[in-house]
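Colleague: 3D, please:
(2 chains)
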Amino acid sequence: MPNDDWKCAACGQSNNLDSHYCLACLCPADASPEQVAQFLRPNTLEATTNDSSQNSPPMTPVADLVTEQEATNPAPSNIHRFHFTGSGAEYFKIWIVNLCLTLATLGIYSAWAKVRRLQYFDRNTQIAGAVMNFHGNPMAILKGRLIAVLLLVAYHYAFGFSKIFGVVVISVLFVIMPWLLRNALRFRLRNTSYRGVRFDFTGHLSGAYMSYAPLLAIFLLPALAGALFPKEPIVLGTMLIVLYLSWPIIHASMKRFQQSYLAYGDQSASYSGSIFSLIKPYLVSFGFGIGLLIGMFILFFVSIGILGAIFHKDVNTSTTWMMISGFGFGLLCAYTMYLIAGPFLQVRIWNLVWNNTQFPGFTIRSELKFGSFLWLQTMNLVLTLLTLGLYRPFAVIRTYQYRLAHMSLTGSSFDLVTQSQHAQSVAASGDSAADLFDIDLSF
Amino acid sequence: MISATYFDGRSAAAQSVELHIKDDVINLLGKGINLFFTIDQLRLNEPFLAAPSFLELGNGAHIEVASSEGKAALHQALDFQPSQIVRWQQKWVGALIATGVMIGLLLSAYFWGIPKMTEIVVARIPDSVEQQLGAELIPTLENGFFTPSGLSDQRMEQAQKIFDAITPAHPRVPMRLLFRRAPSLGANAVALPGGTIVVTDQMIATITAKTGDLKGDQAIQLAGVFAHEIGHVENKHTLKALLSNSALAVISASLFGDFSAVITAMPVALIHSEYSRNMEAQADEFAIKRFHQLGYSTNHMANLFELLHKKSATDDLGDMPSWMRVATDFSASHPSDEARIQRFRQAAQEQEN
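Modeller: Predicted coordinates for the structure are as follows:
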C-alpha cells in the first residue's frame, strides 16, 4: 500500500495513519509496551493457515485471525480500548445549529437533532477497528416527545383543575410510565449497531413495573398525598422518608433490570451486581454531606459572630445580613455537595455497574477515577458558567471522552456474534412497523 | 481503489475489502467476496470530520472507510452532496449565524410571539372555563396562603358598597369581592381568574390609616384599587399572564434542560406572576375611564400610589435587597411607579379642562 504510515509493534503489519488499530492483530497504534505484549502471539502466523470456516471463506486479517485461533486454542483474549475521534469544536457547530433549528421549529426539530447528536457520538466511538452507529427514525422520537409533553402538561395541571382529574392523571402515569421507560430503552438499543449487529433490550414488562414503580412513587406520591391529605403531613413525610431511605436499593434494582437484559446480537448480557451494591457509595456520600453540613454550620456561626460584632448597632441590618449569609452558606453547601458527591456517585456507580456486566466471551472493565473526574466536572462547570452555556458541548464531549478512555473490553472475537432473530425479521420485512410503539422519552 | 472494512449485517465479523468504482457500479473485492452494487442502492451516512465513512449497502450490510483519502475518493465517486444543514454546521460562520438567529428568535418570541399567542388563545377560552378555573383555584389558595379577614363587618360592608358602585353595569363576568389576610402580599389586591378580586386587610388598613374611616377621599382611593383590578379582569389579564409565564417556563426549560421549573404548583405561580407593564397600563386606563364616567378625580389614585410607594419604602422590608423581595403586582416598587402617578395627575387635568 502506498500510504502506509506506521508499523505495528506487535506483529509488524504496516498500517495506514488513519487507523488507530493494527488491522492484522488489533493492537492499538499508541499501545504501551505492556499492551503490546498482550498482542504478541507466537502462533499468530499459524492461525492464518488454519481454515476452519466452511460457509464463509476465510477473510484476510482483521478479527478473524484471532477467532480461528480461539476456536482451536483458547488463548488469552485481547484487550480492546475505546477511541473517541470527535472534537469539541466540531460538535459545537452541530450543537448550535441543532439548538437554533429546534427553537425555530418550536421543538419539532429536536427529534432530528437527537438523531444527529447520537450519530455523532456513536460514529466517533471506535473499538476493535469498527464504529458504532445509530439508526433511529426521527418520527418515532418525535412521537415519543409529543407523548412526553402531553404527560408533562397533564401532570403540571393535574391538581389545578380538580382532585378527580389529578388522581386520574397520577394513576395513568403509574400504569403507563414503566411501559414507556422500558420501550424507550429498547428503542435506543435496537437502533444502535456495532459491526452491523444491533443491540437490544429484552426485559419484560413485569420487570419494568417492579423496578420502576418505587421511582414513580417518589415522584408522584408527594403530589398525590399533598392534594388528598393536605392536613396530614405525617402521612406524606413517613412515606417519603421510607422511599428516600430505600433509594440505594431502588436505584440498584433499576440498574440491575437495565443491565441484565442487554443484548448484542444473539448474545445476552448477564449482570452480577446485587441490589445492595449501591448502599456503600450512597452511605459514603451521605456521610460526606453530614460532615459538610456540620462544617458549614460552624463556619456560618463564626461569620455571624464577626458580622454581629461589626453591625451590632444596627439590629435591622444584621438580621438582613444573617439572612443573606445563611442563604449564601446554604447555596455553598448545596453546590459543594453537587460538585463533590455528584461526581463521586457517578464514578462509583458507573464502574460498579459496568464491571458487573458481562457478555458471553466478553468482559467489560470500567476504571473511572474520582480525582480526575472531579477535576474535569469542576472545570466543565466553571467554563460553562463563564461562557453563559456556550462551553456545554465541549463539556459533554470531554465527559464522554473521559468515560470511554477509562473503559475497555476484553474478549476474543466478534465473529461468532450474529444478528438476533428480532433484528433479522425487522430487516426482512423491510419496514419500521415494529417501531410503532418504540418511542423515545429521554430529553 | 479504496480499502474498507465490510460487515454483512448477519454476523459481527469484519472483513477487509477493496472498493473498485467504475461509472455507476461499485465492486467490493475481498477474500471470498465479490459483490456489485449500483450507486443508487447505496446510502452514505452524514460525514463527520474524523469518523470513518459509513456506507449502507442495503439488507443491513455496510462498509466503513477510515482513511481520509478513501473517504474523499468515496465522496467523489458517489458524487456526494451534503444537505443544507450539514453544510451549515460545517463552518464557523454558520455557527455564528445560528447564534444570531437564535438570539433574534428568543427576543421576538419574548416581545412579540408569546404576547400574540396568548392574545389568540385567551380569546378562544370561554368565560365559563375561566370561572371554573377560578372556582377550583380559590380553595387551594385558602389552604395557608390566605387566612380569614380580621376586618369588622361594618368595614367590609363599606368596602362592598364601594366595590358595587365602581363595578360596571355589565361586567364581562360576574364580579365578586373577597377580604383576606395575606402577610406575604402586604398591602395589595389581586384579581383571580373568573372575576374574583381579593383585597388584603393591610390594603384597607393602609388607606384608612390617616382618618380612621373609609369615607370621602379614602373611599375613592379604595375605588381606584378596585377599578384597577376590575380592569385586569375585563382584559383577561390573569389568564394571559398565566399562559405567557407557562410559555416562558417551557422555553427556558427546553433551553437549559431543567423541567423542574415547569412543574411548579399553578396557584402559587399565578399569585406571583407579574403582569407586563403593558397590562398594568391597560388596567390603569380602564380605571381612569371608569373614574371619569363616575365623575371622580384621578388625583385620588395618584395620591394612593404615592402613599403605597412611600409605605413600601419605609416598610420593614425596606432594607432588603430588591431581588429578595417578593415581586407583587399592585404596590411593588415598579420603576414605572412615577410614570403611573404622572399619568393619573395628567388624566385629572384633562378631566377638569
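
Colleague: which residues of the chain fall in strands?
Modeller: All of this refers to chain A. A:4-7, A:14-16, A:78-84, A:125-127, A:130-134, A:192-194, A:197-201, A:262-264, A:267-268, A:270-271, A:357-359, A:362-366, A:407-411 (DSSP state E).

Colleague: my bad, chain B
Modeller: B:2-7, B:15-22, B:25-30, B:33-38, B:43-44, B:53-58, B:61-65, B:147-148, B:176-181, B:189-192, B:196-200.

Colleague: Just send those strands back as CSV, with distance to residue A:398 too.
Modeller: Glycine gets a C-beta too; all of them are placed from N, C-alpha and C. Below are these laid out as CSV (distance: least, Cβ to Cβ, whole Å):
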stretch, distance to residue A:398
strand B:2-7, 28
strand B:15-22, 33
strand B:25-30, 38
strand B:33-38, 39
strand B:43-44, 29
strand B:53-58, 24
strand B:61-65, 25
strand B:147-148, 53
strand B:176-181, 54
strand B:189-192, 49
strand B:196-200, 52
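
Colleague: Output these in CSV; the columns should cover distance to chain A and mean pLDDT.
Modeller: Below are the strands of chain B laid out as CSV (distance: least, Cβ to the nearest Cβ, whole Å; pLDDT from 0 to 100):
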stretch, distance to chain A, mean pLDDT
strand B:2-7, 3, 94
strand B:15-22, 4, 92
strand B:25-30, 6, 92
strand B:33-38, 8, 92
strand B:43-44, 11, 93
strand B:53-58, 6, 93
strand B:61-65, 6, 95
strand B:147-148, 15, 88
strand B:176-181, 18, 92
strand B:189-192, 13, 87
strand B:196-200, 16, 91
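
Colleague: I would like the residues contacting stretch A:274-283, please.
Modeller: A:247-249, A:251-253, A:255-256, A:344-345, A:348-349, A:352, A:356 (Cβ atoms under 8 Å, 6 or more residues apart in numbering or on different chains).

Colleague: In chain B, where's the longest helix?
Modeller: Identified as the longest helix of chain B according to DSSP state H is helix B:237-256.

Colleague: tell me the mean pLDDT over that helix?
Modeller: Mean pLDDT, helix B:237-256: 75.

Colleague: for it, packing partners?
Modeller: helix A:88-104, helix B:114-124, strand B:189-192, helix B:266-272, helix B:277-294 (3 or more Cβ pairs under 8 Å, 6 or more residues apart in numbering or on different chains; DSSP states H and E).

Colleague: Any idea which of these gets closest to residue B:249?
Modeller: helix B:266-272 (8.2 Å; Cβ to Cβ).

Colleague: which non-adjacent residue is nearest residue B:165?
Modeller: The shortest distance from residue B:165 to any non-neighbouring residue, by Cβ to Cβ, 6 or more residues apart in numbering or on different chains, is to residue B:223 (7.0 Å).

Colleague: In contact with residue B:77: list those residues for me.
Modeller: By Cβ under 8 Å, 6+ apart, residue B:77 lies in contact with B:21, B:26, B:39.

Colleague: now it: how far from chain A?
Modeller: 18 Å (Cβ to the nearest Cβ, to the nearest Å).

Colleague: Next: residue B:76.
Modeller: From residue B:76 to chain A the distance is 17 Å (Cβ to the nearest Cβ).

Colleague: So what's the residue count around that residue?
Modeller: 10 (other Cβ atoms under 10 Å in any protein chain shown).

Colleague: Model confidence for it, exactly?
Modeller: On the pLDDT scale, residue B:76 gets 89.

Colleague: Following the record's annotation, map out the domains of chain A.
Modeller: Chain A is divided into the following domains under automatic domain parsing: A:135-266+A:420-436, A:277-374.

Colleague: scratch that, chain B
Modeller: B:2-82, B:91-124, B:126-352.

Colleague: so which of those domains gets nearest residue A:172?
Modeller: domain B:126-352 (16.5 Å).

Colleague: rewinding a little: hey, least reliable of the helices and strands packed on helix B:237-256 by pLDDT?
Modeller: helix B:266-272 (a mean of 42).

Colleague: Quick one: neighbours of residue B:25, just the number.
Modeller: Counted with other Cβ under 10 Å, residue B:25 comes out at 12.

Colleague: Spell out which residues sit in contact with it, please.
Modeller: Counting by Cβ under 8 Å, 6+ apart, residue B:25 has contacts B:36-39.

Colleague: who touches stretch B:339-348?
Modeller: Taking Cβ under 8 Å, 6+ apart as the rule, stretch B:339-348 contacts B:280-281, B:284, B:288, B:291-292, B:297-299, B:301-302, B:305-306, B:309, B:334.

Colleague: any idea how far residue B:123 lies from residue B:110?
Modeller: 21 Å (Cβ to Cβ, to the nearest Å).

Colleague: more crowded one of the two?
Modeller: More crowded of residue B:123 and residue B:110, by other Cβ under 10 Å: residue B:110, with 14 against 8.

Colleague: For chain A, see how far away that one is.
Modeller: Residue B:110 is 12 Å from chain A, by Cβ to the nearest Cβ.

Colleague: burial count for the residue nearest to that residue when sequence neighbours are not counted?
Modeller: Sequence neighbours aside, residue B:248 is the residue nearest to residue B:110 in space, at 7.6 Å (criterion: Cβ to Cβ, 6+ apart). Neighbour count of residue B:248, defined by other Cβ under 10 Å: 14.

Colleague: contacting residues for residue A:344?
Modeller: With the criterion set at Cβ under 8 Å, 6+ apart, residue A:344 makes contact with A:281, A:284-285, A:288, A:370, A:374.

Colleague: From these, list just the buried residues.
Modeller: A:281, A:285, A:374 (16 or more other Cβ atoms under 10 Å in any protein chain shown).

Colleague: Need the residues you listed in TSV (columns: pLDDT).
Modeller: Below are these laid out as TSV (pLDDT from 0 to 100):
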residue	pLDDT
A:281	94
A:285	91
A:374	95
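
Colleague: Just the ones in helices from those, please.
Modeller: Per DSSP H, these map to helices at A:281, A:285, A:374.

Colleague: for the record, mean pLDDT for stretch B:101-108?
Modeller: Stretch B:101-108 comes out at a mean pLDDT of 90.
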